[in-house]
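Build me a model:
(one chain, ligands or ions: 1)
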Amino acid sequence: MAAPPYYNADIENTLLKIRLYGSVPLPFPEWGGGDRLNYYYYFFVFIFYIPEDRLVPTLPLRLNYILWIEDLLNAIEKINNIWGLDIGTGACAVYPLLAARKNKWHMIGTETDDISFQKAEENVKRNHLQDLIEVRKNLTSSVIEQLFEDEFKQVFDFSMCNPPFYSSVQELCESRSPARLPPKNGFTGSPQELITEGGELQFCRKYLKESKIYKDKVLIYTTMVGHKYNLKELLQDLKLEGITHTYTEFCQGRVTRWGLAWTYQDFDIFQLVPPRDQPRKKHAPIVYLLPQIPNIPYNVDNVINKLIIILNTLNIYHKVLNKRGNNIILDVTATTNTWSNQRRKRRLMKKLETNDCKKTKIDHTEYTTSSTEDSNSNETLNETNHFEKSIHATLKDEDNDLKPHTSSNDKETVPVIEPIVHAILKVLKKENDILMEMEYLDGSAGKEGLHQIVQYIKNNWK
Ligand SMILES: C[S@@+](CC[C@H](N)C(=O)[O-])C[C@H]1O[C@@H](n2cnc3c(N)ncnc32)[C@H](O)[C@@H]1O
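Numbers count the residues shown, from 1 in each chain. Okay, here's the model as predicted:
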């Protein structure tokens, strides 16, 4: 029997002509064996030997999950030397194979089932990816505990899991409404693969519980969820426990699945990769090359300090979403328009200062003639004092521009008020330049409000 092929341009072209997605009938009978031999094409070729009763994984759905993990890793700027954990890798080790071939990620796949474990190892070897992939037998009923209980030192950038969905054969049989068309790839899978005590909800809750013990062992935990009602339950669990999380929807033909991610690290993954069903309309960011300020070293730290002073001056709340190397990402929220009519406010202030001088004289006079003041003018004076105080407060804030800033956390608590501008602010070092990018998210002032803030920053960048 000739050796099965692996990733190779000739075969890629042959298969491309046959079918773009999904399994391909065995084109080379001489490579056949007792097991089903499936080829899949999706930019690359895999050879899977799949025992008759094991899941035939559909690649587009699996690829979708990998692409979402890519988004999460990109968001936290984890680009190189990625280590991933696939819990319940199955007979095909499909996620490790995809991740290793597509992205050269290092993957560890775990598996409890003897046959699947053995086949997974064989499939990794057949695809010549054993340098990047290791399959580990899980002899326990735990989800991740067994890995970290051992001497295992690896910190993973992410974990993934396609859990067994059903709690019983009956649930499995009743899971699909007879009114719905069957999935195109037909039904395959053994009870070991598809059924677990308590179904996917209990499995995922166990996973979540164990993740709390190993908070720092995995930067971003993820799982696929097969039933929307379970997603809701899990989202509720995460919310109640205050664990940062996000989720997405994978729609693949007649099949819908969900992805759920959570982290104990300081990454706001909800903002960085927002849930798919609340799509964040992408607005082209406003980009401004921040010029060098005389006598101040031109580096990212100084630029950020200056920006934070300006944000504080404008009473704009800010929260650091991510800080890595030379880049920083802030979530910024303005709840009052403090940047418009600055010139008018200054003129008023000047006027008030002049009035101050006059008032001192009046006060002096008042001292002698107070009994002659009528109540109306007192009201007017009180109003003036009130207005004056607020203008003083605004301008006092402006003075902060010139003073060293003590804490960047002053304005970190976003009040529960509708924002008038809510945006993402990025400071990025590109070679010798430092750029500010502001992307409008929402807020009643619209994009125009964001343009005004950027203009204010430009005017005050000195
Ligand atoms: C639905 S299958 C997913 C297989 C593959 N990842 C895929 O997406 O096609 C679930 C797999 O998890 C395995 N499994 C169940 N409990 C497990 C555990 N505690 N640790 C590791 N694997 C487990 C099952 O044997 C099965 O192969």
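
which stretch of helix or strand covers the residue in the stretch 201-350 of the chain that the ligand sits nearest to?
The stretch 201-350 of the chain approaches the ligand most closely through Phe203 (6.9 Å), counting by C-beta to the nearest ligand atom. C-betas here are computed from N, CA, C, even on glycine. Phe203 is located in helix 199-213, with elements delineated by DSSP states H and E.

could you say what helices and strands that helix packs with?
Contacts defined by 3 or more C-beta pairs under 8 Å, 6 or more residues apart in numbering; DSSP states H and E place helix 199-213 against helix 145-149, strand 218-225, helix 228-240, strand 255-263.

What lies in contact with the second one?
Put plainly, it is strand 218-225. 65, 68-69, 72-73, 76, 78, 85, 87, 144, 155-163, 200, 204, 207-208, 211, 231, 234, 250, 257-263, 265, 267, 269 (C-beta atoms under 8 Å, 6 or more residues apart in numbering).

Quickly run through the sheet partners of it, with directions.
strand 156-161 (parallel), strand 255-263 (antiparallel) (DSSP bridges).

For these, which has the smallest mean pLDDT value?
Lowest mean pLDDT of the strands paired with strand 218-225: strand 255-263, a mean of 92.

how about the helix or strand following that one as PDB, C-alpha atoms only?
Downstream of strand 255-263, the first helix or strand assigned by DSSP H and E is helix 269-272. Provided in PDB are the C-alpha atoms of helix 269-272 (Å, rounded to 0.1, in the frame of the first residue of the first chain):
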ATOM      1  CA  ILE A 269     -12.400  40.400  25.800                       C
ATOM      2  CA  PHE A 270     -16.000  41.500  25.700                       C
ATOM      3  CA  GLN A 271     -15.000  44.900  24.300                       C
ATOM      4  CA  LEU A 272     -12.100  43.600  22.200                       C
END
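
got the contact list for helix 269-272?
For helix 269-272, with C-beta under 8 Å, 6+ apart as the criterion, the contacting residues are 72, 75-76, 220, 244-246, 261-263, 321-322, 329, 331, 424.

mean confidence score for that helix?
92.

Pick the most buried one from the strands paired with strand 218-225.
Most buried of these, by mean neighbour count (mean count of other C-beta atoms under 10 Å): strand 156-161, with a mean of 25.

For the closest residue to the ligand within the chain, give me its contacts.
Of all residues in the chain, Gly88 sits closest to the ligand, at 2.2 Å by C-beta to the nearest ligand atom. Applying C-beta under 8 Å, 6+ apart, we find Gly88 in contact with Thr110, Glu111, Thr112, Cys161, Asn162, Pro163, Pro164, Glu193.

do that again at 7 Å, thanks
Listed by C-beta atoms under 7 Å, 6 or more residues apart in numbering, the contact partners of Gly88 are Thr110, Glu111, Cys161, Asn162, Pro163.

Could you list which of these belong to helices?
Judged by DSSP state H, helices contain none of the contacts of Gly88.

Those residues: which ones sit near the ligand?
Among these, the ones lying near the ligand by C-beta under 6 Å from any ligand atom are Thr110, Glu111, Asn162.

Could I get these in TSV, plus columns for neighbour count and pLDDT?
Output for the ones next to the ligand among the contacts of Gly88, formatted as TSV (neighbours: other C-beta atoms under 10 Å; pLDDT from 0 to 100):
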residue	neighbour count	pLDDT
Thr110	23	97
Glu111	25	96
Asn162	24	95
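
Could you tell me which of those residues belong to strands?
Thr110, Glu111 (DSSP state E).

For the ones next to the ligand among the contacts of Gly88, give me a markdown table that also has distance to Asn312.
Output for the ones next to the ligand among the contacts of Gly88, formatted as a markdown table (distance: C-beta to C-beta, whole Å):
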| residue | distance to Asn312 |
| --- | --- |
| Thr110 | 49 |
| Glu111 | 53 |
| Asn162 | 47 |
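
quick one: which of the ones next to the ligand among the contacts of Gly88 is nearest to Lys104?
Thr110 (20.7 Å; C-beta to C-beta).

ok, that closest one - contacts?
Contacts of Thr110 (C-beta under 7 Å, 6+ apart): Ile87, Gly88, Thr89, Arg136, Asn138, Leu147.

is it true that the first one touches Val143?
This means Ile87. Yes - with contact defined as C-beta atoms under 7 Å, Ile87 counts as touching Val143 (5.9 Å).

re the thing from before, could you identify which of the contacts of Thr110 has the most neighbours?
Compared across the contacts of Thr110, Thr89 has the highest neighbour count, 30 neighbours, by other C-beta atoms under 10 Å.

so how many other residues sit close to Glu149?
Close neighbours of Glu149, defined as other C-beta under 10 Å, add up to 12.

And Gly90, by the same measure?
Residues within reach of Gly90, counting by other C-beta under 10 Å, total 24.

That concludes my questions; thank you for your assistance.
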